[in-house]
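> Could you look at this predicted model? Sequence included:
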Amino acid sequence: MSNQIKVSLPVIRRLPKYYRYLGELLQNGVIKISSSGLARIMGTTASQVRQDLNCFGGFGQQGIGYNTELLRNEIGKLLYRGQRLETILIGVGSLGQTISKWITAEDRGYHLAAAFDANPALFGSEVCGAPVLPIEKLAEYCRLHKPQVAVLCIPREPARKLAPTLVGLGIRGFWNFSHYDLSVNNPDIIVENVHLGDSLMSLAFRVHNEAVSHP
């Protein structure tokens with residue numbers, strides 16, 4: 001397998017879902033799973049499952065299916081590449097503290113190395129084992145430790161201003177909760193913009209329209 005695997009974004013977004021469901025199957029003692037069986041759990045088709053996994057070499061045998069543990073391990077290698085990404089958190093308010101637990105609760109391929117905030121009352125404390133440092137020390141820390149990912153749990157305007165600085169300091173990926181669609185003018189920078197409000201409003205629309213279609 002080459003270091004660079006070029007697949008479509010929809011396939012990439014399905015990989016964590018495969019990984020999660022395969023973990024649940026293992027917990028329930030399922031050691032073999034067919035493409036049709038995995039498709040039922042995923043809410044897709046057997047053809048789609050095979051197409052997705054064939055992007056990475058297949059992993060299964062026709063008429064036999066997939067070894068659940070082996071498939072999960074192989075998808076884990078695709079997601080994590082055998083190493084954890086050094087990660088910093090910007091903003092240690094209630095949202096930042098909650099998000100830090102998601103980063104560290106399970107092995108998702110990240111190491112939360114440090115957190116930064118402007119509130120002096122937080123300096124010297126820890127969030128999920130990571131020290132909370134003054135935002136003024138951000139540049140020095142990045143030059144010394146070279147983190148790869150920044151998680152932004154700050155308001156939109158500070159996020160907009162800080163993003164170019166972080167790119168200049170070597171950050172390669174952003175998990176962005178700032179309610180600002182972070183656009184980085186660099187094709188090598190990966191951004192995941194997370195808008196919790198958008199998801200909530202989408203739910204409202206679907207519930208209202210489902211009620212209309214099924215009076």
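Yep, it's here. Numbers count the residues shown, from 1 in each chain.

> What sits closest to residue 186 if chain neighbours are left out?
residue 167 (6.1 Å; CB to CB, 6 or more residues apart in numbering). C-beta: built from backbone N, CA, C; applies to glycine.

> which ones are touching the one you found?
For residue 167, the contacting residues are 184, 186, 189, taking CB atoms under 8 Å, 6 or more residues apart in numbering as the criterion.

> Next SSE downstream of the longest strand that the chain contains?
When secondary structure is assigned using DSSP state E, the longest strand within the chain turns out to be strand 110-117. Remark: after strand 110-117, the chain's next helix or strand is strand 126-127, criterion DSSP states H and E.

> What strand or helix carries residue 175?
With DSSP H and E as the criterion, residue 175 is inside strand 173-176.

> From the rest of the structure, what touches the helix or strand that that strand is followed by?
Using DSSP H and E, the helix or strand that directly follows strand 173-176 along the chain is strand 190-193. In this structure, residues lying in contact with strand 190-193 by CB under 8 Å, 6+ apart are 172, 173, 174, 175, 176, 180, 181, 182, 183, 184.

> Next: stretch 95-104.
Looking at stretch 95-104 with CB under 8 Å, 6+ apart, the contacting residues turn out to be 87, 89-90, 92, 108, 110, 112, 115, 117, 127-130, 151, 153, 175, 177.

> Please export the C-alpha coordinates of it as CSV.
What follows is stretch 95-104, C-alpha atoms only, in CSV (Å, rounded to 0.1, in the frame of the first residue of the first chain):
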residue,chain,number,x,y,z
LEU,A,95,-17.1,23.4,24.8
GLY,A,96,-13.4,22.9,24.7
GLN,A,97,-13.4,20.8,27.8
THR,A,98,-16.2,18.6,26.3
ILE,A,99,-14.5,18.2,23.0
SER,A,100,-11.2,17.3,24.7
LYS,A,101,-13.0,14.3,26.2
TRP,A,102,-14.0,13.1,22.8
ILE,A,103,-10.4,13.4,21.6
THR,A,104,-9.0,11.4,24.5
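
> in that stretch, what's buried?
By neighbour count, and taking 16 or more other CB atoms under 10 Å as the criterion, the buried residues in stretch 95-104 are 96, 97, 99, 100, 103, 104.

> quick one, phi psi at the fifth one?
Reported as degrees, to the nearest 10, the phi and psi values for residue 103 are phi -70, psi -40.

> related to what we said a few turns ago, which among the contacts of residue 167 gets closest to residue 19?
Each of these was checked against residue 19 using CB to CB; the closest is residue 189, at 24.3 Å.

> Break down the protein into its helices, ranges please.
Per DSSP state H, the chain carries helices over the ranges 9-27, 35-42, 46-54, 68-80, 94-105, 138-145, 156-168, 196-213.

> I'd like those as a markdown table, with distance to residue 121 appended.
Compiled in a markdown table, the helices of the chain are given as follows (distance: least, CB to CB, whole Å):
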| stretch | distance to residue 121 |
| --- | --- |
| helix 9-27 | 36 |
| helix 35-42 | 45 |
| helix 46-54 | 47 |
| helix 68-80 | 35 |
| helix 94-105 | 14 |
| helix 138-145 | 18 |
| helix 156-168 | 18 |
| helix 196-213 | 26 |
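
> export the ones you listed to TSV and tack on mean pLDDT?
Formatted as TSV, the entries for those read as follows, by pLDDT from 0 to 100:
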stretch	mean pLDDT
helix 9-27	92
helix 35-42	93
helix 46-54	91
helix 68-80	90
helix 94-105	92
helix 138-145	97
helix 156-168	94
helix 196-213	82
